[in-house]
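**Q** A structural model of the following input is requested.
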Amino acid sequence: MTHDAILNQLGLIPNEALLVQLENIEKNTHGYEKIIKHIMDLHETLKTSESYVSLSNSNDYFKIKIDATSDISQSEAKEKINHFCEKYKVEIQKVDGKPTYYILGFEK
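**A** Here you go, the predicted structure:
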C-alpha cells in the first residue's frame, strides 16, 4: 500500500510534510509492513462508532481517536480497539487524560 493511498484512506490530502511524517511512523511502528492493512481496516470499522485512526501530531505513531459523544458509541469503539489488539497482538499506549491511543505495533 503506497503512502499516498494510506493518507487518502485516512481522509488526508497527501503533501510533503504528511509523507515525511508517515515515513517516520513506518520506521517507528514495529511490524509496520504486516500491520498497516489491519490498521486501515480498524479505521473503517471505527467510523460507525464516531472514532478513527489518524497520524499523531505530537509523536511518530498512528493514533486512535475516540470522538464518540454517547457512552454506547464510546464503549463500542473501545471493544473494537480491544478486539483489534487481541486478534493481531498489537500493542497500544493510552494518552493520559484523553480518549486517544498510540499504535506502537506488534507486541515484541
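
**Q** give me the pLDDT value at the closest residue to residue 108 other than its chain neighbours.
**A** Leaving out its chain neighbours, the residue that sits closest to residue 108 by CB to CB, 6 or more residues apart in numbering is residue 30, at 6.1 Å. Yep, even glycine has a C-beta here, placed from its N, CA and C like the rest. Confidence at residue 30, expressed as pLDDT, is 96.

**Q** could you give the number of residues near residue 30?
**A** 14 (other CB atoms under 10 Å).

**Q** need phi/psi at it.
**A** phi -60, psi 120 (degrees, to the nearest 10).

**Q** now do the contacts for it.
**A** 91, 104-106, 108 (CB atoms under 8 Å, 6 or more residues apart in numbering).

**Q** sec struct for residue 65, please.
**A** For residue 65, the assignment made with DSSP: H, G, I helix; E, B strand; the rest coil gives strand.

**Q** number of residues surrounding the residue lying closest to it once chain neighbours are set aside?
**A** Of all residues beyond its chain neighbours, the one nearest residue 65 is residue 100 (5.2 Å), with distances taken as CB to CB, 6+ apart. Residues near residue 100, counting by other CB under 10 Å, number 18.

**Q** try residue 96
**A** The burial count for residue 96: 6, using other CB under 10 Å.

**Q** can you show me the helices along the protein?
**A** Ranges of helices within the chain are 3-9, 16-28, 32-46, 71-88, based on DSSP state H.

**Q** got the angle between the second one and helix 32-46?
**A** Direction vectors for helix 16-28 and helix 32-46, defined by axes from the mean of the first three to the mean of the last three CA atoms, to 10 degrees, enclose an angle of 110 degrees.

**Q** of the helices of the chain, which is nearest residue 56?
**A** Nearest of the helices of the chain to residue 56, taken as CB to CB: helix 16-28 at 7.9 Å.

**Q** list the contacts of the nearest residue to residue 26 once chain neighbours are set aside.
**A** Once flanking residues are discounted, residue 26 sits nearest to residue 32: 4.8 Å by CB to CB, 6+ apart. Applying CB under 8 Å, 6+ apart, we find residue 32 in contact with 25-26, 105.
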